[in-house]
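Engineer: One predicted model, sequence on top.
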Amino acid sequence: MTPEPEPMTFSCTPGGGIALGIRRLSRFFSALVALMVLAAAACWITGRLFPGFLALAVASLVAFTWRMSNDLRPRQLMLERGLLMIATPRQLIEFSIEGATIRPLEDDERAHLERLASAGGVVAGSGGFDSRHLGEFDLYASDFANALYIRGLEVKLVVTPDQPAEFIRTFRQMTDSPLLQSSAHE
């Protein structure tokens, strides 16, 4: 009888276009909050209380949006027998991976995915997407250079652990699943 594999944790460090997008959004939201706080102060100094409170409300809304923009960014991936857990800043998302397959994305798929997840110079690291290469899938990415495609009975995911080769090896142990060599097998 073989021993049960130990649960493993893999970090997801932002890199590439996603890290750049995070920095751009951070600067944009910081500048917007600062501008609205200054506008509120200017309004209050000149005795216009209502516009000052309105500017402060806009600053609060922007700060809330900034926080929400990071809620689904993966921090860690955890593998247990038949289960993948994605730790984000505010929640732990669980997926059954029993019988699932895994493979690294090919270069053209990775480039397509980065274009698909880009808007206005910012690359999204999470969300639901529909791609001509991969079909419908959920994205939990930190660095597209490490992109892995997981296809299960109920789930299609793209994840990006910092150590993709080790993640694949552990994933196969946790699912007793073969490594899918090309998308032609799907």
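Structural biologist: Thanks, I have it. Residues are numbered from 1 along each chain as shown.
Engineer: all contacts plus neighbour counts: C-alpha atoms, from now on.
Structural biologist: Will do.
Engineer: Below-threshold pLDDT in this structure: ranges please.
Structural biologist: Applying pLDDT under 70 to the chain flags the ranges 1-5, 177-186.
Engineer: how about the helices in it?
Structural biologist: 16-45, 49-68, 107-116, 164-175 (DSSP state H).
Engineer: Go through those and name the closest to residue 126.
Structural biologist: helix 16-45 (9.8 Å; Cα to Cα).
Engineer: Check which residues of that closest one are buried.
Structural biologist: 17-19, 21-22, 25, 29, 32-33, 36-43 (16 or more other Cα atoms under 10 Å).
Engineer: Excluding covalently adjacent residues, which one is nearest to residue 154?
Structural biologist: Leaving aside its sequence neighbours, residue 154 sits nearest to residue 96 (Cα to Cα, 6 or more residues apart in numbering; 7.9 Å).
Engineer: right, I mislabeled it, should have said residue 94
Structural biologist: With Cα to Cα, 6+ apart, the residue lying closest to residue 94 is residue 85, at 4.4 Å.
Engineer: ok so, going back, beta partners for the residue nearest to residue 154?
Structural biologist: Beta-bridge pairing for residue 96 (DSSP bridges): residue 83.
Engineer: what residues are up against it?
Structural biologist: Counting by Cα atoms under 8 Å, 6 or more residues apart in numbering, residue 96 makes contact with 82-84, 152, 154-155.
Engineer: Looking at these, spot the one nearest residue 111.
Structural biologist: residue 155 (22.1 Å).
Engineer: Now that the closest one has come up, it's in contact with residue 95, right?
Structural biologist: Yes. Under the criterion of Cα atoms under 8 Å, residue 155 makes contact with residue 95 at 7.5 Å.
Engineer: So what touches stretch 128-144?
Structural biologist: Taking Cα under 8 Å, 6+ apart as the rule, stretch 128-144 contacts 12-19, 72-74, 109-110, 112-114, 116, 125-127, 147, 155-161.
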